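# sequence below, structure please.
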Amino acid sequence: MRPQILDDLAGRWPDVLRELAGVTSSQLCSKEGPCPACYALTGDAGRTRFRWRSSDGDGDWYCSHCGGPQGTGGPGNGLDLLSRIVLQRYGKAAFMPALELLEAHYGQPNGKRSKRQRSGNPAYTPPPRPAPKRWPSSEQAAYQLLSAVDQIAVEESYSPSKASGKSYTSRWNRWAAEANEEEVAQAFAILDSIAFQEETESGTIKPPKKETAPLPPVKISLDKVRIQLSKAVSDGFSGSSLQALVIDLAGKADQAPSTIKNLLSAIQKEQLASDDIAAEAERLAVAADLSQIGRAYLTLESFFPSNLADALRTRVRYLPADDITAAGVFLATLAASVKLGSELVASRACGFRVPLNLYGALVAKSGSKKSPVWSLLLTSALSPIIADMARNHARAMEAWKSENQGKKPIERTEQPKALRVMCSEYTAEALATQLQHQEEAGLGLLIAREEIAGLFGGLNAYRGGRGADNEQLLEAYDGRGASSLRVGADGGGRFYQGCQLSIFGTIQPKVLQKLVEDTDGDASGLWARFLFIPVPERVVPLPEHESEDDGDRSDAAAALIERVIQQVWRLPRVSLALEPAARSAFMRYEARCQSDALRASLPAQGAAWGKAPGKVLRVAGLLHLAAVACEAEQLGIVSSAQIQAASNLVDHLTGWSLGIHQAAATGGNASDLMQRLHRLSQASGGPVGWRDLSRSLSTRKRAEIDPATAQAAAMALVELRVGTMGDGVRVGSWTYQATADLHG
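Take a look at the predicted model:
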């Protein structure tokens, strides 16, 4: 059972060791130094073998020579250290066991000494603290001491080879440990009274060297201070430990504490920048792997029937869009064509079912031809349906006007409601009204906007305390209805039991990162519901010459895409199911996503993995409808191949979006720096250095980024194998040259 006195003295071991064992404060710090236990045992304390590790709890120390249970090196606690020092100091016969000594000295509640103990009552007399033992100053002195106590044979002469291994000192220490103090003192008296022969060229006899005063501490350089501070920061010292280290180093370096503190701040800033660059390098490596895997496995043929895949590729062949981009945009077009109430049921028993809607966005920089991709695969494909709905509404309005001509307003029949397949602007109230009309007609709705940031930037702009636009979109994702009260609204409010709402648009990477930052790292989970589809950064030149066959081929592709969309539009409301193999594959995928969500380092990343299974079901259902429209499958059962293709696509896009969340969490400075340095080299066509990079930075950025941080970014790019480094014109300077594209 653990003695109570150890609990009472928890966190107080530095005071105990100073008072009972004579250990100094300089020895009870985190830096390496001589070992007080080794000194008590052998007289050889070493220089760097001992380190005090923690003053909390039972005290924690480490010695590479005498620590550990076997005394051959390892850790120990405060009681161990006290036992070893006091045992040798007061001798085995007079030694009071360490626990009894602690009980006698501190044996009061909470470790406080009683008045009797503090007043020196004879009932308790702390053992006297004798003068430190004297130890041989050299191997020759140890040899003379052994001779004085008859431990050297007559025929044994002094051997320099034995001296080099400290053989004589070890023999003396073993003898002195067994002898009493009187015998040891007598041996040193003999040594002081005689002269001994030293190994000199003259062979003269000299008296023993007098002990000299210890030399003053050597002033350490700022470079050594920097090394110690860097190690402390990398080892994760606490704030109080760093403050104590600053004060200690200020004294050793003969510098003001403020100077050392400023140096510490600079080191911490460099460490933070280095950590950010390492995280960004890891993200870019993942992005490069995803890009390579995507090009190899995520093809249009893996998603759609071959004739549809060929048509989609033909439409975007002169745009930077790849197969993943084309597939993502076309899936959004399919989602807009699906009837309200269409769903995919993964488990009736668990109530796991999802509507066949989609939230997504193309992510690309300005000028990367996002709009043409949007126009060819979304707007153009839906234009026949939009035109047909407009004609139907015009005919209905004409009939209504003819029917109600000459009637008083109170006598008129209800005016036909305009139905839509797509809109770009809305308010929360207007959207609720439109979804109510769409439900009455059994139709879904697509909110499509080229710069989707404007849509989310305007959320809640018109609510005036009457609702929350963000929550409306969160609920609509799962097809849930709404019942709201509105003063002045027809019937007193807006009511719809279900909806089929999809959202699709385009956005720039930095704008997306800013939106994630502004929403507290996606605290609501809105962005976790989105499929963000990066558009490749590549140049695809337009053809200088165009044949008649090229135009005919493009028109035929457009006609096929429109025909597929119209076929899906004509399908009734459907409830899809998974075939047995598809169900097994999906359930395994869903379990894996749960594990990934729990292991995620950021809440937003966990939310993204948590929403991934629902996205897989949506994508798989839309892939099935596309196959049905191409007459490649019968309506109703989703295959395991479609579940596999959907999970591959969702995993790929989720992996890319995790990097956005990581960049948003760290502020994105490392990403900006590495991307900027790489683009500068690509634009110049040759190597660039710190001066080139500095000129491209704003004043604020120049204050945040120094040459060392920029060099670390260049080295990270080299490790990613997208560039090389060389020596600059000046000594110690560097250059960076891009050699491959940087993905991500």
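
# tell me the domain ranges of this structure?
4-118, 139-202, 222-271, 298-402+416-540+549-663, 666-738 (automatic domain parsing).

# export the ones you listed to CSV and tack on mean neighbour count, distance to Pro409 and mean pLDDT?
Just so you know, the C-beta spots here come from the backbone N, C-alpha and C atoms, and that holds for glycine as well. Converted to CSV, these look like this (neighbours: other C-beta atoms under 10 Å; distance: least, C-beta to C-beta, whole Å; pLDDT from 0 to 100):
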stretch, mean neighbour count, distance to Pro409, mean pLDDT
domain 4-118, 17, 83, 74
domain 139-202, 14, 114, 69
domain 222-271, 15, 71, 84
domain 298-402+416-540+549-663, 19, 13, 86
domain 666-738, 17, 58, 79
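
# out of those, nearest to Ile277?
Minimum separation from Ile277 across those (C-beta to C-beta) falls at domain 666-738, 4.6 Å.

# with distance to Ala278 as extra columns, can I get the domains of the chain in JSON lines?
Output for the domains of the chain, formatted as JSON lines (distance: least, C-beta to C-beta, whole Å):
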{"stretch": "domain 4-118", "distance to Ala278": "26"}
{"stretch": "domain 139-202", "distance to Ala278": "46"}
{"stretch": "domain 222-271", "distance to Ala278": "11"}
{"stretch": "domain 298-402+416-540+549-663", "distance to Ala278": "12"}
{"stretch": "domain 666-738", "distance to Ala278": "7"}
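
# SS state for Val23?
Following DSSP: H, G, I helix; E, B strand; the rest coil, we place Val23 in the coil state.

# roughly how far apart are the residue lying closest to it once chain neighbours are set aside and Arg84?
Using C-beta to C-beta, 6 or more residues apart in numbering and skipping the chain neighbours, the partner closest in space to Val23 is Leu17 (4.2 Å). Distance, Leu17 to Arg84, by C-beta to C-beta, to the nearest Å: 11 Å.

# sorry, back to before: what sits against the residue nearest to Val23?
Each residue near Leu17 by C-beta atoms under 8 Å, 6 or more residues apart in numbering is listed here: Val23, Leu28, Gly59, Gly78, Leu81, Leu82.

# wasn't the fifth one part of a strand?
No - counting by three-state DSSP, one finds Leu81 to be helix, located in no strand.

# ok, now which ones touch it?
So Leu81 contacts Leu17, Ala21, Val23, Pro36, Ala37, Gly59, Trp61 (C-beta under 8 Å, 6+ apart).

# cross those residues against helices and list the overlap.
Leu17, Ala21, Pro36, Ala37 (DSSP state H).

# could those residues be laid out in TSV, adding distance to Trp734?
What follows is the ones in helices among the contacts of Leu81, written out as TSV (distance: C-beta to C-beta, whole Å):
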residue	distance to Trp734
Leu17	50
Ala21	53
Pro36	48
Ala37	49
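
# let me know the closest of these to Leu501.
Nearest to Leu501 among these is Leu17, at 70.4 Å by C-beta to C-beta.

# tell me the secondary structure for Tyr496?
strand.

# from now on call the first residue 44
I'll keep to 44 as the first residue from here, and by that count the last item is Tyr539.

# hang on, it packs against Leu474?
No - Tyr539 lies out of contact with Leu474 (C-beta atoms under 8 Å); the separation is 10.5 Å.

# from Glu518, how far out is the residue lying closest to Gln515 once chain neighbours are set aside?
Closest residue to Gln515 apart from its sequence neighbours, by C-beta to C-beta, 6+ apart: Ala471 at 5.6 Å. Noted for Ala471: a distance of 12 Å to Glu518, by C-beta to C-beta.

# send the alpha carbons of the host helix or strand of Val276 over as PDB?
Using DSSP states H and E, the element containing Val276 is helix 265-277. The C-alpha coordinates for helix 265-277 follow below in PDB (Å, rounded to 0.1, in the frame of the first residue of the first chain):
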ATOM      1  CA  LEU A 265      23.600  33.600 -28.300                       C
ATOM      2  CA  ASP A 266      24.000  30.800 -30.800                       C
ATOM      3  CA  LYS A 267      24.000  28.200 -28.000                       C
ATOM      4  CA  VAL A 268      21.000  30.100 -26.400                       C
ATOM      5  CA  ARG A 269      19.200  29.700 -29.700                       C
ATOM      6  CA  ILE A 270      19.900  26.000 -29.900                       C
ATOM      7  CA  GLN A 271      18.600  25.400 -26.300                       C
ATOM      8  CA  LEU A 272      15.500  27.500 -26.900                       C
ATOM      9  CA  SER A 273      14.800  25.600 -30.200                       C
ATOM     10  CA  LYS A 274      15.100  22.300 -28.500                       C
ATOM     11  CA  ALA A 275      12.800  23.400 -25.700                       C
ATOM     12  CA  VAL A 276      10.200  24.600 -28.200                       C
ATOM     13  CA  SER A 277      10.400  21.400 -30.300                       C
END
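
# shared neighbours of Ala471 and Glu518, anything?
By C-beta under 8 Å, 6+ apart, no residue touches both Ala471 and Glu518.

# which other residues reach the next helix or strand after the helix holding Val276?
Going down the chain from helix 265-277, the next helix or strand is helix 282-296, by DSSP H and E. Applying C-beta under 8 Å, 6+ apart, the contact partners of helix 282-296 are 72-74, 260, 262-265, 267-268, 271-272, 275-276, 280, 298-300, 302-304, 307.

# contacts made by stretch 442-453 with the rest, please.
By C-beta under 8 Å, 6+ apart, stretch 442-453 touches Glu454, Arg455, Thr456, Gln458, Pro459.
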